[in-house]
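A.B. asks: Sequence first, predicted model second:
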Amino acid sequence: MDPLSLIGVILAFAAVLGGNAMEGGHLAALVNGPAMVIVLGGTAGAVLIQTPLAVFLHAIKILGRVFFPPKHEIAPTIDKIIQWSHVARKEGLLGLEAISEAETDPFVRKGVQLLVDGSEPDMIRSILEVEVDTNEHFDVQAAKVYEAMGGYSPTIGIIGAVMGLIHVMQNLADPSRLGSGIATAFVATIYGVGLANLFLLPMASKLKALAMGRSQFREMVIEGIVSIAEGENPRYIETKLRGYVN
């Protein structure tokens, strides 16, 4: 689990609820069913209109990465690539066939298999970069779903506020019904702005950063595999790949 994401969620809730309590407010004052329906339903509806189904489903699928990001072990992978380069120099590229079959990462396995098949370095780079670019684009598009939700929810919150005020104006003659309308007006705004700035927009940025991180890791793998295909010295390969380590 990513501790920063968990701490961020807890801190966001604690700041809002704690500030509300310090002002003498009660938790029940922030709970409003109609406002929640307006903001959540309206935001979800707007995003569904603009998003292709495949992208929307992928956005749901990768949401867990915010708290459980995929791990890319750069240093151990560099060590493996250096080991492969030694094997290739001693036994030839066919000596990597067993390594290819044992590799668990599909992308890395694909790259090693291209080596074993004797593909040209430029062809290996071209094939793997297409996959990197495609996956990165798909992940970024999925992250933009949450970015779009973060853009819509404050506006939907304002719509909820206006609807609450309309309800108030229609019931000026009945003071007993004014409270619910005013509550919906203000709470809807809180829901819309809070949801966008405390959760949706940060999650979108996190998912984009994770997509870029995976692409950088895969670019390192491509560089290492292409270097092996070109017959470079393992020491030069190691020096080059160490530049990817922070």
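C.D. replies: In hand now; what should we look at? Note that the structure is predicted; figures quoted are calculated from it, not measured. Residues are numbered from 1 along each chain as shown.

A.B. asks: what helix or strand does the most centrally placed residue in the chain sit in?
C.D. replies: The chain has residue 207 as the residue nearest its centroid, 1.7 Å off, counting by CA atoms, centre = their mean. Here residue 207, judged by DSSP states H and E, is contained in helix 201-229.

A.B. asks: how far does that helix sit from the chain's center?
C.D. replies: How far helix 201-229 lies from its chain's middle: 13 Å, per CA atoms, centre = their mean, to the nearest Å.

A.B. asks: Ok, stretch 10-28 next?
C.D. replies: Taking CA atoms, centre = their mean, one finds stretch 10-28 lying 28 Å from the centre of the chain it belongs to.

A.B. asks: before we move on, the earlier item: and the helix holding residue 207, what does it pack onto?
C.D. replies: Helices and strands touching helix 201-229, as assessed by 3 or more CB pairs under 8 Å, 6 or more residues apart in numbering; DSSP states H and E, comprise helix 74-91, helix 106-116, helix 121-170, helix 234-241. Glycine gets a C-beta too; all of them are placed from N, C-alpha and C.

A.B. asks: One more pass at 6 Å, please.
C.D. replies: Here helix 201-229 touches helix 74-91, helix 106-116, helix 121-170, going by 3 or more CB pairs under 6 Å, 6 or more residues apart in numbering; DSSP states H and E.

A.B. asks: for these, which one sits closest to residue 190?
C.D. replies: helix 121-170 (7.4 Å; CB to CB).

A.B. asks: Let me see the mean pLDDT of that closest one.
C.D. replies: Mean per-residue pLDDT for helix 121-170: 91.

A.B. asks: Show me what counts as buried in whichever strand or helix holds residue 55.
C.D. replies: Using DSSP H and E, residue 55 sits in helix 53-62. By 16 or more other CB atoms under 10 Å, the buried positions in helix 53-62 come out as 56, 58-59, 62.

A.B. asks: Low-confidence stretches in this protein?
C.D. replies: Residues of the chain meeting the criterion pLDDT under 70: 171-181, 183-184.
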